[in-house]
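Undergrad: Here's a sequence, model it:
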Amino acid sequence: MILLDSLISPKCRSSYLKVPESIKMILRLGLYQIISMDRVPASAAVSESVELAKRYGHKGTAGMVNAILRRFSEEREELIKRLNSWNEQDIQQIATHTSHPEWLVKRYVEEFGLEKAVSILKANNEPPPQSFRVRDWAKLEAEVSSGRLSIEKSLYNKDGVVVGGSFQKNIEKFKYDGDIVPQDQSSLIAASLATGATGVVLELCCGRGNKSEAILKNIDNNAFIVNADLSISKLRQIREMKSNRLNPICLDAVKPFPFIDIFQFIFLDAPCSNLGTIRRHPEIRYRKSEGKITEMADIQLQLLTNAAGYLAKGGRMLYAVCSVEREETVEVVEKFLSVHPGYRSLDIGSTRPDLVEGGLTDCGNLRILPGNYGMDGFFASLIQKKE
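TA: All right, here's what the predicted structure looks like:
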């Protein structure tokens with residue numbers, strides 16, 4: 001959208017900001033067809049856009065749409081050539097040609113360096129793989145053996161697969177039957193870090209329970225989970241899973257908990273900017289701001305601080321967010337540890353050397369950059385309360 005707007009705006013005689021949003025959308029759709037869809041003749045893209053402009057605007061806006069898109073159709077070859085030769089060293093051009101806000105591009109360049117930042121931004125625009133958590137391996141492998149399905153098992157967790165090939169009907173059937181559940185591999189790695197947890201596990205901000213079942217597969221067979229969230233409608237979906245080891249409870253995780261006992265393991269899946277999931281939710285880039293990142297970081301620190309009070313001595317807490325922004329990840333953990341000397345950070349790589357070898361850790365934390373091994377951006381830190 002940022003790229004399309006940068007091309008359309010100079011063609012407008014008056015301010016593009018004053019153009020009605022519906023007409024902007026028509027111009028964007030028309031231009032996208034002209035420069036990106038070979039099967040659509042430019043003449044058809046122009047005429048259909050004009051008809052839409054008549055329906056949602058008036059004679060004047062239809063004339064404007066016609067004039068602008070006709071010029072683009074005449075300049076198509078030169079325009080495409082120019083779009084394919086942009087300067088990957090220039091911040092403004094990077095922002096425009098990858099359609100990311102300039103403030104986000106500057107952040108990533110500062111944090112990761114120019115080359116890595118550009119690779120992340122490009123990865124955000126790639127179609128995400130069809131990643132799933134497997135509930136019934138026997139059925140899935142039978143389908144693979146028959147040649148009706150193609151899968152690639154995840155490198156870093158035992159329950160994840162990426163389904164490939166043109167098997168959409170088969171995939172939809174497995175989803176409908178509940179044999180596979182959509183879930184990115186990065187969140188499954190985080191769930192696997194609960195391996196060995198015993199007794200009662202507390203899962204905070206559990207949402208609809210997508211990670212809950214994954215955590216259940218990794219903890220002790222006699223352990224069970226208290227799944228806490230503020231949304232009753234989301235908790236109902238956990239109850240529908242009908243597992244006596246999942247126990248949904250409604251609570252506000254920044255306020256005192258209604259528990260007498262303390263927990264040996266707490267999984268805090270904190271609300272965040274979600275900027276690690278842009279390829280699955282492209283609109284996020286247009287809705288977030290630097291101020292929102294800071295706001296979320298303050299909430300995350302409150303959540304972490306409150307949860308720590310319910311951790312047993314020697315117990316572990318996993319802090320996780322689907323973001324790679326420094327304020328929401330390492331800085332939250334550092335701020336917490338700086339004022340809570342009774343806790344320490346554990347090195348995830350010491351028990352998961354495969355993550356270290358794969359370049360998925362940073363200073364002992366799990367840190368997956370968007371697009372790394374086809375995964376969403378993700379961060380997790382393991383914290384222990386001292387004996």
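Undergrad: contacting residues around the lowest-mean-pLDDT helix or strand in the chain?
TA: Lowest on mean pLDDT, DSSP states H and E among the helices and strands of the chain sits helix 168-177, with a mean of 85. Helix 168-177 has contacts (Cβ atoms under 8 Å, 6 or more residues apart in numbering) with 130, 132, 139, 140, 143, 148, 149, 163, 180, 181, 182. All C-beta spots, glycine's among them, are computed from the backbone N, C-alpha and C.
Undergrad: swap in stretch 343-363?
TA: Here stretch 343-363 makes contact (Cβ under 8 Å, 6+ apart) with 155-156, 189, 193, 308, 316, 330, 333, 336-337, 364-368, 372-373, 380-386.
Undergrad: quick one on the thing from earlier: filter the contacts of helix 168-177 down to just the buried residues.
TA: Neighbour-count burial (16 or more other Cβ atoms under 10 Å) is assigned, among these, to 130, 132, 140, 143, 149, 163, 180, 181.
Undergrad: any chance of those in JSON lines, plus pLDDT?
TA: Listed next are the buried ones among the contacts of helix 168-177 as JSON lines, based on pLDDT from 0 to 100:
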{"residue": "130", "pLDDT": "92"}
{"residue": "132", "pLDDT": "95"}
{"residue": "140", "pLDDT": "89"}
{"residue": "143", "pLDDT": "85"}
{"residue": "149", "pLDDT": "83"}
{"residue": "163", "pLDDT": "88"}
{"residue": "180", "pLDDT": "92"}
{"residue": "181", "pLDDT": "93"}
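Undergrad: Out of the residues you listed, the closest to residue 199 would be?
TA: residue 181 (25.9 Å; Cβ to Cβ).
Undergrad: Surely the closest one is within a helix?
TA: No: counting by DSSP: H, G, I helix; E, B strand; the rest coil, one finds residue 181 to be strand, located in no helix.
Undergrad: where in this protein is pLDDT low?
TA: Low-confidence segments of the chain (pLDDT under 70): 165-167.
Undergrad: sec struct for residue 233, please.
TA: Residue 233 is classified as helix under three-state DSSP.
Undergrad: So which residues make contact with stretch 17-34?
TA: By Cβ under 8 Å, 6+ apart, stretch 17-34 touches 1, 4-5, 7-8, 12, 16, 40, 42, 44-46, 48-49, 52-53, 56-57, 61, 64-65, 68-69, 72-73, 76.
Undergrad: Show me which of these are buried.
TA: 4, 7-8, 12, 42, 45-46, 48-49, 52-53, 57, 61, 64-65, 68-69, 72-73.
Undergrad: Residue 191 against residue 209, yeah?
TA: No: the pair residue 191 / residue 209 is not scored as a contact, 11.5 Å apart, by Cβ atoms under 8 Å.
Undergrad: Compare those two (neighbour count), which wins?
TA: Using other Cβ atoms under 10 Å, the more surrounded residue of residue 191 and residue 209 is residue 191, with 29 against 26.
Undergrad: Show me what the host helix or strand of that one packs onto, helices and strands only.
TA: Per DSSP states H and E: residue 191 is located in helix 185-192. Judged by 3 or more Cβ pairs under 8 Å, 6 or more residues apart in numbering; DSSP states H and E, helix 185-192 is in contact with strand 160-164, helix 210-216, strand 311-321, strand 365-368, strand 378-385.
Undergrad: For it, output the C-alpha coordinates as CSV.
TA: Taking C-alpha atoms only, helix 185-192 is exported to CSV below (Å, rounded to 0.1, in the frame of the first residue of the first chain):
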residue,chain,number,x,y,z
GLN,A,185,6.7,-23.3,14.3
SER,A,186,8.2,-20.5,16.4
SER,A,187,5.4,-20.7,19.0
LEU,A,188,5.8,-24.5,19.1
ILE,A,189,9.5,-24.0,19.9
ALA,A,190,8.5,-21.8,22.8
ALA,A,191,5.9,-24.4,24.0
SER,A,192,8.7,-27.1,23.9
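Undergrad: Okay, angle between it and strand 378-385 too, please.
TA: 10 degrees (axes from the mean of the first three to the mean of the last three Cα atoms, to 10 degrees).
Undergrad: In contact with residue 117, which residues?
TA: 94, 105, 108, 109, 111 are the contacts of residue 117 under Cβ under 8 Å, 6+ apart.
Undergrad: Neighbours of the last one, how many?
TA: It stands for residue 111. Neighbours of residue 111 (other Cβ under 10 Å): 13.
Undergrad: Kindly report the same for the fourth one.
TA: Residues lying near residue 109 (other Cβ under 10 Å) number 17.
Undergrad: That one and residue 92 touch, don't they?
TA: No: Residue 109 lies out of contact with residue 92 (Cβ under 8 Å); the separation is 11.8 Å.
Undergrad: shared neighbours, the two?
TA: In contact with both residue 109 and residue 92: no residue, using Cβ under 8 Å, 6+ apart.
Undergrad: For the least confident helix or strand of the chain, what is the distance to the chain centroid?
TA: 23 Å (Cα atoms, centre = their mean, to the nearest Å).
Undergrad: in the chain, which residue is closest to the centre?
TA: Nearest to the mean C-alpha position of the chain, by Cα atoms, centre = their mean, lies residue 277 at 1.8 Å.
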